[in-house]
Structure formats: C-alpha cells, structure tokens
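J.: Give the three-dimensional model of this entry:
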Amino acid sequence: MLLIGNIMKWEEFAAKVMSISRIGKKYSKDPYAIDNYEQLEEISIEMLNEVSIKPIEKNLYERDIYPTPNVSVRIVLINDKSEILMVKESTDNCWAVPGGWCDVFYSIKENVIKEAKEETGLDIEVDSLLGIFQREKYKDYPSVVSEYVHYFSGYIVGGELNPNFEISDVAYFPINQLPELSRKNTIEELRRALQVFFKETEMQFD
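T.: Presented below is the predicted three-dimensional model:
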C-alpha cells in the first residue's frame, strides 16, 4: 500500500474511509462486501460527526457538492528502445497507458505512483508533467462526464510486472505501432503527450 507523504489528520482519515466505502458500494457485486462497505460508511459518518460542526447524515461523496470535473492521471513510461509501456484493460480488452482516477487526500504525484504500481506492479518515479487535457474534447462517443486528465512522464525504479485484477496484460509497444486503444485514452492525447516527452513542443494543456 502506498504511504501518503504527510500524516493524515483525523478528519481526513475518516473522509478517506468514507470515500472507500462509496467506491466499494458502487462497484462491488458481492453482497457480503457491500454490507461491509455500508458498515464502513456508518463508521466514517460517526467518526466525522465527532469533529464536524454541522451534523453529517450521509456519505459526503454522493456528489451533492458543487459539481467539478473529475481528475485523472496517466503515466508515460518509455524504455531505451523508444517503446511505451501499456496495460490491457480487462473491461474492453484494449490498451491504455497506466493511470486512473485520483483518490482523495493523495497528492497528484502520489496518485500517479499508486496507479502505476497497481496496474503494472512496477515502482516508478515521476519526473515531468506533459499535459493537462479536457478529455470530453477527445472522445469519439457521447459522454456526460467532464474530466481533466494529467499526463506525466516517469521512469522505473523497481518492482516487477504484476498487474492487478483490472489489467489482463502489460507490454511495451513501438510508439508508431500502438495497439487498439481503450476508451480510457485517445491517440490525440497520446500524440500531444509524446510530443512534449520528445521535446518537440512545450507542455500542453487545454
């Protein structure tokens, strides 16, 4: 498990537990797991009510707060053969550079490192921001989700290829021979990020 750089405050820890319960209730299919997530949610509400000025009666992550774009990260890892590391998504059997949604109370760098570890089994360092893109501009399918994706470059410092349950394979590909891409990234996003990586242009953003 990735350790967060700064020790969490009590209320941040409780809110983190609450966010985990929300994710678990949304994606789990196991009734026993759902029951456990519901208990976690109740516990987190009790914990937050110990420090909250206003009573908390339900999960804070029900999206009843001011709507803002979702935030995600992607990491570009290039080997000495100019090949890019990609992961095969179990959901659609297509390929993406490692990454995903950002978790609360993790810095954006910590999220990049965590996602890379979970999806590839590799330990990485992050060295540069390549671009920030408004993903709905690049999608070729209807979407009601607004998302800002942050592309970073980095390098491998340890670990071994061992993807989690969301990933069915991990492989390197020549950058001019990419496989069929998952909806989680597009060729235009990758093209712009790689232009920055190879110093053909400055950092990109929408």
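J.: hey, let's count contacts and neighbours off CA atoms from now on
T.: Fine.
J.: any idea how far stretch 46-63 is from the chain center?
T.: Here stretch 46-63 is found 25 Å from its chain centre; the criterion is C-alpha atoms, centre = their mean, to the nearest Å.
J.: and it, average pLDDT?
T.: Mean pLDDT, stretch 46-63: 76.
J.: Can you list the buried residues in that stretch?
T.: Judged by neighbour count (16 or more other C-alpha atoms under 10 Å), stretch 46-63 contains these buried residues: 46-49, 59.
J.: Can you say which helix or strand has Ile132 in it?
T.: Following DSSP states H and E, one finds Ile132 within strand 122-134.
J.: what's that strand packed up against?
T.: Under the contact definition 3 or more C-alpha pairs under 8 Å, 6 or more residues apart in numbering; DSSP states H and E, strand 122-134 sits against helix 108-120, strand 147-159, helix 187-197, strand 204-205.
J.: Output it as PDB, restricted to C-alpha atoms.
T.: Extracted C-alpha coordinates of strand 122-134, given in PDB (Å, rounded to 0.1, in the frame of the first residue of the first chain):
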ATOM      1  CA  LEU A 122       6.300  -1.500 -11.000                       C
ATOM      2  CA  ASP A 123       7.700   1.100  -8.700                       C
ATOM      3  CA  ILE A 124       8.200   4.400 -10.600                       C
ATOM      4  CA  GLU A 125       9.300   8.000 -10.100                       C
ATOM      5  CA  VAL A 126       7.600  10.900 -11.700                       C
ATOM      6  CA  ASP A 127       9.800  13.500 -13.400                       C
ATOM      7  CA  SER A 128       7.700  15.800 -15.600                       C
ATOM      8  CA  LEU A 129       4.200  17.000 -16.400                       C
ATOM      9  CA  LEU A 130       3.500  16.500 -20.100                       C
ATOM     10  CA  GLY A 131       0.000  17.900 -20.400                       C
ATOM     11  CA  ILE A 132      -3.500  18.500 -19.000                       C
ATOM     12  CA  PHE A 133      -6.400  17.700 -21.300                       C
ATOM     13  CA  GLN A 134     -10.100  18.100 -21.100                       C
END
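J.: hang on, the earlier thing: which of the helices and strands packed on strand 122-134 sits most buried?
T.: Of all the helices and strands packed on strand 122-134, helix 108-120 carries the top mean neighbour count, a mean of 22, counting by mean count of other C-alpha atoms under 10 Å.
J.: will you turn the helices and strands packed on strand 122-134 into JSON lines that also has mean pLDDT?
T.: Formatted as JSON lines, the helices and strands packed on strand 122-134 follow (pLDDT from 0 to 100):
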{"stretch": "helix 108-120", "mean pLDDT": "97"}
{"stretch": "strand 147-159", "mean pLDDT": "97"}
{"stretch": "helix 187-197", "mean pLDDT": "97"}
{"stretch": "strand 204-205", "mean pLDDT": "94"}
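J.: Distance to Glu180 for those - can I get that in CSV?
T.: Putting the helices and strands packed on strand 122-134 into CSV (distance: least, C-alpha to C-alpha, whole Å) gives the following:
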stretch, distance to Glu180
helix 108-120, 18
strand 147-159, 19
helix 187-197, 10
strand 204-205, 24
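J.: closest to Asp140 out of the ones you listed?
T.: With distances scored as C-alpha to C-alpha, the stretch of these nearest to Asp140 is helix 187-197 (11.1 Å).
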